[in-house]
Each structure stands twice: as C-alpha cells, then as structure tokens.
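Q: pasted the sequence and its predicted model underneath.
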Amino acid sequence: MAYNLTYDWLARLPKVDLHLHLDGSVKPETILELALDQGIDLPVYDKDGLIPHMRVSEECGSLIEYLSKFDFTTRFLQSGEALERVAYEVAQQSAEHNCKYVEVRFAPQLHRENGLTVEETIHYVVEGMKRGQRDFGVKAGVIAICMRNHSCESNLEVIRAAAKYVGKGVVAVDLAGDEASYPPEWFREVFAESGKLGIPVTIHAGEAAGAMNVYEAVTNLGAVRIGHGVRLKENSDILEMVKNRRIPLEMCPISNIQTKAVSGWEAYPIREYLDQGLLVTINTDNPSVSGTNITNEYRVLSDRFGFTELELVKLVMNGVDAAFMEESDKMSLRQEMEAEIHSLGMNLLN
Ligand SMILES: O=c1[nH]cnc2c1ncn2[C@@H]1O[C@H](CO)[C@@H](O)[C@H]1O
Ligand SMILES: [Zn+2]
C-alpha cells in the first residue's frame, strides 16, 4: 500500500543528489537570458514555449532519443560566464529542495566551441559552484565527464585536466553518452590514466546495455560507483559482486523510465535492490530534460513503491555514505542531516 507522503514533507526532508548533469539542469528562463546576451536566435521567446525543446516527451523510446535533447542547451553553454552561472543556479535549485550536497557533472569537451580550454571550462564550473555554496549553503563537488563518442585523446585530456582540480572542486571522473553503441572496454586506456592519477571513477553502466558493462566498469575501469546500474538484475553473479564490493548505484528513477532502461515502473528493480542489500542512492540525472527535481524523485518512489519515511531516510543516507567527499566532511554532513531529520519529528535513525 502506498503511503503517499505529502510533497511538503518530502521537500523539507534534507537530501543529496550525486548524479546531476549540468547541461541537463538549465532553467528555460536562463536560456532566454543567455540567448539574448549571446545574440543567439530562439525558436520561441517564452519560457513555457522552450520546454518542449529542452524536455523529453512522454513517448521517449530510448537513451539515444533522450540524449538528442542536449544539443539545444549546450549551444548556450560555450562561455565561462554561462558555465559559471548555470553551476551557481544548480546550487540555488538544490537549496530550493533542501538538497544539502550536490555532485554536478559535465563534459568539458562539449563547451569548447568558442575556444575555452578544458581547464577553463572546469575552472568556471568550479567557480559557479563555490559561489552557490557561499550564497545558498549547498555543499558541492564537480565530476568531469568523458564522452563515449569522443576519442581517447580527447577523453585523456579531460582526465588530465580534472586531475589538476582534485582537492580544488573536482571529486571524480565519469563516462557518459550512448552506452549501447560504445562499450566500456573501449575506454580502458582513458581510465587507466585516472587510476594512475588517483581520481575516483564513476561510470554510466547498465542503463542502455546489460550487466556486463557494470562488470567491465568495476573490474577494468576502476569504477567505485555506478551510474544507474538498472540492468544489473540481469546477472546475479555481477549483482553479487557489486554488493560484496559495496559499490553504490546512482539510480535516477524518472530518467531510467524515460530512457527505457526497463520497460516500466513494474519492472523497476529498486525495491529488490534494496532488499538484496545493494547501496541504492536516489538522484535526478537531468532535472530540465526529465522534467523532475529531487523532491519529485522521492515522491514517485513513495507513491509507486510505498516506501516509508524510514526507507526514504535510508536512501538519503546511502547518498551521504556514497558521496565523493573527505571522511571528515562526510561526518559533519551526516550530523547536519541527522539533526534536521530529527527536527522533522522523526526518531528513526538508529
Ligand atoms: O542518463 C544518461 N546516460 C548517458 N549519458 C547521459 C545521460 N544524461 C546525460 N548524458 C550525457 O552527458 C552529457 C554531459 O552532461 C550530456 O550532454 C548527455 O549527452
Ligand atoms: Zn547521467
């Protein structure tokens, strides 16, 4: 039976978001202003009219179709100023949902059309995030993404630039894009470099292809977290390995349904993953592409799966445990969150 917790309670619950793409989080209002500043023509000039250009439709049939939405937005994110601004606004939007910690990921090579270097793109995103942290009190880390459709050289450049920002805003590297066409084993050379440089790795895997990609990501690319991992259920041995190694899954419910990682909610394995002892975390992926926010993700889980307050708090705290954060910072975040959960009238933490 669904508990149907009120949206207000879920909005006030302190949360974290470990899987959020910068270019999937831009507000239509911001696109209007960026287009004006940058002298770029728009198909329409009202924010509601922009939504269909930025958001997937109800009929989205695949990850490839989902990814086609990103071209529209990245055109406006080709300057340091724009990158700084949208990173700042991610912190603002996080604060609106009482999200205390956010890991913002972006692919530096997608923001170089006007001549920025890879390092400059990282610099501006880190700056925006720090300004957001100061103004809204939302802690944040940046994840630099390698793209599956880019060359190894281009991705190695991302890894090497990211390494210079570790400890100064960057917390990890990732691999994203069209998983079905570009298997993870093609990127061993790229992630051998992140291993050498000591940067933590998370990999999008088990979203648009099977559990073998999760195996490859963990055993050969050095992933210590997995983006989505929805299709892990297709192989019980690999599922067991992920469980034993305590590799957190960054699940993004609304996005996972839209990209058809599974056929529908009835096949979404979140309840069984939790019951099997996997470290599941809840995240948004792309608020503006998916038409969601972090409160909404928890609302859907409460409505569809009848998760109780205690279970939702457990999911939130899994996110804190899985954060790419110094242990001492994690301890203070955990304490801050537990205090707020108690003040919400819950005495549920053991
Ligand atoms: O769920 C996803 N799976 C794989 N790739 C994604 C997903 N969401 C976004 N991107 C890709 O990551 C790029 C950088 O942020 C986006 O431009 C998009 O191509
Ligand atoms: Zn993603």
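A: Yep, it's here. Ligands and ions are numbered 1, 2, ... in the order given.

Q: got the phi/psi numbers for residue 180?
A: Dihedral pair for residue 180: phi -70, psi -30, per degrees, to the nearest 10.

Q: just residue 62 next, same as before
A: phi -160, psi 170.

Q: what does residue 104 give?
A: Residue 104 adopts backbone torsions of phi -100, psi 120, taken as degrees, to the nearest 10.

Q: ok, so what distance separates it from ligand 1?
A: Distance of residue 104 to ligand 1, given as C-beta to the nearest ligand atom, to the nearest Å: 10 Å. Backbone N, C-alpha and C define where each C-beta goes, glycine included.

Q: residue 260 too?
A: From residue 260 to ligand 1 the distance is 11 Å (C-beta to the nearest ligand atom).

Q: for the nearest residue to that residue once chain neighbours are set aside, give me its contacts.
A: Closest residue to residue 260 apart from its sequence neighbours, by C-beta to C-beta, 6 or more residues apart in numbering: residue 62 at 5.7 Å. Going by C-beta atoms under 8 Å, 6 or more residues apart in numbering, residue 62 touches 208, 259-260.

Q: wait, isn't residue 157 in contact with residue 118?
A: Yes - using C-beta atoms under 8 Å, residue 157 is in contact with residue 118, at 5.3 Å.

Q: mind listing the shared neighbours of these two?
A: Joint contacts of residue 157 and residue 118 (C-beta under 8 Å, 6+ apart) are residue 109.

Q: would you map the strands across the chain?
A: Using DSSP state E, the strands of the chain run over residues 15-21, 99-106, 139-147, 170-176, 201-205, 223-228, 249-251, 280-282.

Q: strand 99-106 and the first one, what's the angle between them?
A: Counting by axes from the mean of the first three to the mean of the last three C-alpha atoms, to 10 degrees, strand 15-21 points 10 degrees away from the direction of strand 99-106.

Q: now do strand 15-21: everything it contacts.
A: 90, 94, 97-106, 145, 176, 225, 227, 248, 250, 252, 281-287, 289, 294-295, 298, 316, 319-320, 322-324, 333, 337.

Q: you'd agree residue 295 is up against residue 93?
A: No - at 10.8 Å, residue 295 does not count as touching residue 93 under the criterion of C-beta under 8 Å.

Q: and stretch 296-310, what's buried?
A: Neighbour-count burial for stretch 296-310 flags 296-302, 304-305, 307, 309 (criterion: 16 or more other C-beta atoms under 10 Å).
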